[in-house]
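Visitor: sequence-free structure coming up:
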């Protein structure tokens with residue numbers, strides 16, 4: 001009997017690929033008109049762009065494995081670069097988080113940090129780095145409390161930990177779980193040199209993975225239904241028996257993987273699983289199209305102590321295109337589109353003198369519920385993959401995981417749900 005997968009984001013697709021390659025013929029239901037979830041492609045000015053930006057790194061081993069499974073070579077879709085991030089600030093000199101090949105990892109990141117922060121700043125960084133390596137961070141601490149506990153300077157908090165926390169967790173440091181933040185940093189910055197590599201996509205994310213996954217699933221005998229919503233999961237005597245679609249169609253199944261956002265998960269299963277309501281935070285992307293000749297000095301530039309947080313050069317996808325990201329909640333949510341664009345331009349012109357005086361076009365994408373809040377309480381309430389209902393599995397990046405809402409955790413949880421079903425189907 002076919003497994004039903006609810007949600008065609010990266011987690012649902014990962015689960016479907018694993019099942020399809022084992023001849024399980026899964027059926028993927030996606031309510032939207034395209035696959036990809038929060039890493040999907042949208043059309044603007046006759047070009048394809050991402051609905052949001054994702055900082056991907058070499059530590060994303062499950063994501064890279066999924067690409068390999070569907071026949072995509074890493075170097076055909078990513079440009080791999082050694083860690084080299086510069087965080088610019090209106091009040092402080094630039095901070096460099098980058099490596100030198102002359103020293104072993106992770107000592108290789110220290111010289112640039114020393115030149116940016118000085119001896120006291122470097123000692124501040126090392127105090128927190130020791131706890132990251134020892135995995136001794138309490139699950140009850142926020143990132144802000146952790147920073148205070150380890151005597152981080154006000155500069156390193158505002159110029160390094162605040163932008164990194166927002167980029168990784170989409171949650172303010174006053175709420176974000178320090179243990180999750182530390183686990184993510186350990187597996188990316190502390191593990192090895194390749195884990196810290198930046199993966200720069202040369203095409204929109206929807207074309208990078210969802211389209212190849214779709215072809216693979218179909219070629220292996222699976223099914224993908226777009227613009228098809230599941231209205232109800234049918235449960236009888238503690239086990240799933242099927243789903244009812246928005247077209248009032250009943251699909252009989254013994255296994256269901258739910259790979260949707262926390263809000264939709266609560267709508268479908270809140271009562272049956274006693275799920276708490278989850279706070280979800282926005283991510284705003286402001287696209288700015290300049291002349292085709294313009295390039296940033298680096299593919300990714302960080303900003304601190306400003307509304308704008310990260311700038312991505314998307315010239316490999318469309319010459320002269322940059323994307324400015326604002327993560328998490330804040331006063332910017334109240335700004336009109338015009339006010340937001342004006343503030344972003346003010347931020348950029350103040351610290352990027354090479355920026356042209358005029359842009360050709362602009363586009364704003366506001367994902368109001370981009371990710372779940374990865375706060376201390378929210379993280380402790382994440383549901384496990386295996387539920388109390390027989391045949392019901394939870395995937396998506398919200399399911400219990402050591403990481404926050406990332407594409408890697410989404411794929412990891414999709415794999416986990418599929419593997420549970422495959423083990424159950426063994427003779």
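Guide: Good, I have the coordinates. Quantities reported herein were computed from a predicted structural model and do not represent experimental measurements.
Visitor: can you list the residues that contact stretch 182-201?
Guide: Contacts of stretch 182-201 with the rest of the structure, by CB atoms under 8 Å, 6 or more residues apart in numbering, involve 55-60, 74, 77-85, 99, 105-106, 108-109, 129, 131-133, 135, 137, 146, 164, 168-169, 208, 299-300, 316-317, 402-404, 406. Every residue, glycine included, has its C-beta placed from N, CA and C.
Visitor: out of the residues you listed, which are inside strands?
Guide: 56, 57, 78, 79, 80, 81, 84, 85, 300 (DSSP state E).
Visitor: show me where the chain has helices.
Guide: Listed from the start of the chain, the chain has helices (DSSP state H) covering 10-20, 61-69, 74-77, 110-134, 143-149, 154-156, 162-169, 178-185, 205-208, 210-219, 262-273, 337-351, 376-380, 407-424.
Visitor: most tightly surrounded among those?
Guide: Mean neighbours per residue, mean count of other CB atoms under 10 Å, is largest over those for helix 10-20, with a mean of 30.
Visitor: helices or strands next to that one in the packing?
Guide: strand 4-6, strand 27-30, helix 61-69, helix 210-219, helix 407-424 (3 or more CB pairs under 8 Å, 6 or more residues apart in numbering; DSSP states H and E).
Visitor: among these, which is nearest residue 39?
Guide: Nearest to residue 39 among the helices and strands packed on helix 10-20 is helix 407-424; the distance by CB to CB comes to 5.9 Å.
Visitor: which other residues reach that closest one?
Guide: Here helix 407-424 has contacts from 3, 9-16, 18-19, 22, 24, 37, 39, 54, 56, 59-63, 65-66, 255, 257, 259, 385-386, 393-397, 399, 401, 403, using CB under 8 Å, 6+ apart.
Visitor: what about 6 Å?
Guide: Helix 407-424 is contacted from outside by 3, 10-11, 14-15, 18-19, 22, 39, 54, 60, 62-63, 66, 255, 257, 385, 393, 395, 397, 399, 401, 403, using CB atoms under 6 Å, 6 or more residues apart in numbering.
Visitor: just stretch 51-59 next, same as before
Guide: Residues from elsewhere that reach stretch 51-59 (CB under 6 Å, 6+ apart): 39-40, 42, 167, 187-188, 194-195, 197, 199, 283, 285, 312, 323, 325, 365, 367, 407.
Visitor: quick one: distance of stretch 144-155 to the chain centre.
Guide: Relative to the centre of its chain, stretch 144-155 is centred 25 Å away, using CA atoms, centre = their mean, to the nearest Å.
Visitor: ok, stretch 242-253 next?
Guide: 31 Å.
Visitor: what does stretch 150-159 give?
Guide: 25 Å.
Visitor: quick one: low-confidence parts of the stretch 151-300 of the chain?
Guide: Applying pLDDT under 70 to the stretch 151-300 of the chain flags the ranges 190-191.
Visitor: give me that answer again for 80
Guide: Across the stretch 151-300 of the chain, residues meeting the criterion (pLDDT under 80) sit at 189-192.
Visitor: can you tell me the distance between the two ends of stretch 189-209?
Guide: Taking CA to CA, to the nearest Å, the first and last residues of stretch 189-209 lie 25 Å apart.
Visitor: tell me the buried residues in it?
Guide: Using 16 or more other CB atoms under 10 Å as the test for burial, stretch 189-209 gives 189-190, 193, 195-201, 203-209.
Visitor: for residue 261, give its distance to residue 171.
Guide: Relative to residue 171, residue 261 is positioned 16 Å away (CB to CB, to the nearest Å).
Visitor: again with residue 62
Guide: 22 Å.
Visitor: pretty sure residue 301 is touching residue 311, no?
Guide: Yes: Residue 301 lies in contact with residue 311 (CB atoms under 6 Å); the separation is 4.6 Å.
Visitor: those two: who's more crowded?
Guide: Set side by side, residue 301 and residue 311 show more neighbours around residue 311, with 27 against 22, by other CB atoms under 10 Å.
Visitor: hey, what's the more buried one bridged with?
Guide: With DSSP bridges as the criterion, residue 311 is bridged to residue 301, residue 324.
Visitor: state the pLDDT value of the closest residue to residue 279 other than its chain neighbours.
Guide: Among residues not flanking residue 279 along the chain, residue 373 sits closest, at 4.1 Å (CB to CB, 6 or more residues apart in numbering). Note on residue 373: pLDDT of 96.
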